[in-house]
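[1] generate coordinates for the sequence data below:
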Amino acid sequence: MTPEVHVISHPLIQHKLTIMRRKETSTASFRRLLSEVSLLLGYEVTRDLPLVMEEIETPLAPMQAPLLEGKKILIVSILRAGTGILDGLLQLMPSARVGHLGLYRDPATLQPVEYYFKIPEDITERAVIVVDPMLATGHSAAAAVERIKARKPRNIKFLCLLAAPEGLAYFHKHHPDTPVYTAAVDEYLNDHGYIVPGLGDAGDRIFGTK
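    Prediction:
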């Protein structure tokens, strides 16, 4: 199976991403732009959702009309930075179910450490979108998808703002069947596990903690 990587090159997404990359962009602007970009990315990541035809009545006549098939989507946010993408997706899909997975990166090993996990009990009939702004080393993303796969969802996609080649390679080594959707694949990871040129620490820029 060839791993899928979908780079969403829509001009509005790329324009907004460039503003987010600028070091002088304020916390408020960064947060707003991430929400806007996430909503636009949401159109692409949900493009292949299945539809079912249902009989309805318009003010003029009955007709067969398409509706989403099956249970509501589950969006799983990798804390803390995933919250920034979650906000935009919920504007697009306000009825989606939401799960949270708390992971932090050990500064010495760069390996993910789980501290929180809460999603609906039965997700076997749900499509899942896992969200985190940065796919850097790929360790957190891979650990998150592994955790969710154990619940046997209908399918899983991973949505991020930026990805590094090293992170994509690691992620798809462990999950070749899970497509990744991103606004850009940057050049490389530095020695501290940050994406270059990137945009810095997404969590710090969303929440103004640095």
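[2] mind listing the helices for the chain?
    11-21, 27-45, 82-92, 139-149, 165-174, 202-207 (DSSP state H).
[3] quick one: closest of the ones you listed to Leu159.
    Smallest distance to Leu159 across the helices of the chain (Cβ to Cβ): 5.2 Å, for helix 27-45. For the C-beta atoms, the positions are set from N, CA and C on the backbone; glycine is no exception.
[4] tell me which other helices or strands that closest one touches.
    Identification of packing neighbours for helix 27-45 by 3 or more Cβ pairs under 8 Å, 6 or more residues apart in numbering; DSSP states H and E yields helix 11-21, helix 82-92, strand 155-159, strand 180-182, helix 202-207.
[5] 6 Å - rerun?
    On a contact count with 3 or more Cβ pairs under 6 Å, 6 or more residues apart in numbering; DSSP states H and E, helix 27-45 meets helix 11-21, helix 82-92.
[6] so which bits of the last one are buried?
    When burial is assessed from 16 or more other Cβ atoms under 10 Å, helix 82-92 yields the following buried residues: Gly82, Thr83, Gly84, Ile85, Leu86, Asp87, Gly88, Leu89, Leu90.
[7] contact partners for Ala144?
    Shown in contact with Ala144 (Cβ atoms under 6 Å, 6 or more residues apart in numbering): Ile78, Leu101, Val130.
[8] of the residues you listed, closest to Arg47?
    Of the contacts of Ala144, the one sitting nearest to Arg47 (Cβ to Cβ) turns out to be Val130, at 17.1 Å.
[9] which non-adjacent residue is nearest Asp87?
    Ser35 (4.8 Å; Cβ to Cβ, 6 or more residues apart in numbering).
[10] what about that neighbour, distance to Asp191?
    According to Cβ to Cβ, to the nearest Å, Ser35 and Asp191 sit 31 Å apart.
[11] these two: which has the busier surroundings?
    The neighbour count for Ser35 versus Asp191, taken as other Cβ atoms under 10 Å, is higher for Ser35 (18 against 5).
[12] tell me if I'm right that the more buried one and Leu86 touch.
    No - contact criterion Cβ atoms under 6 Å: Ser35 and Leu86 do not qualify, at 9.2 Å.
[13] that older thread, make CSV from the buried residues of helix 82-92 and add pLDDT and distance to Pro165 to it.
    Formatted as CSV, those follow (pLDDT from 0 to 100; distance: Cβ to Cβ, whole Å):
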residue, pLDDT, distance to Pro165
Gly82, 89, 21
Thr83, 91, 26
Gly84, 90, 23
Ile85, 94, 21
Leu86, 94, 26
Asp87, 90, 28
Gly88, 92, 25
Leu89, 95, 25
Leu90, 95, 30
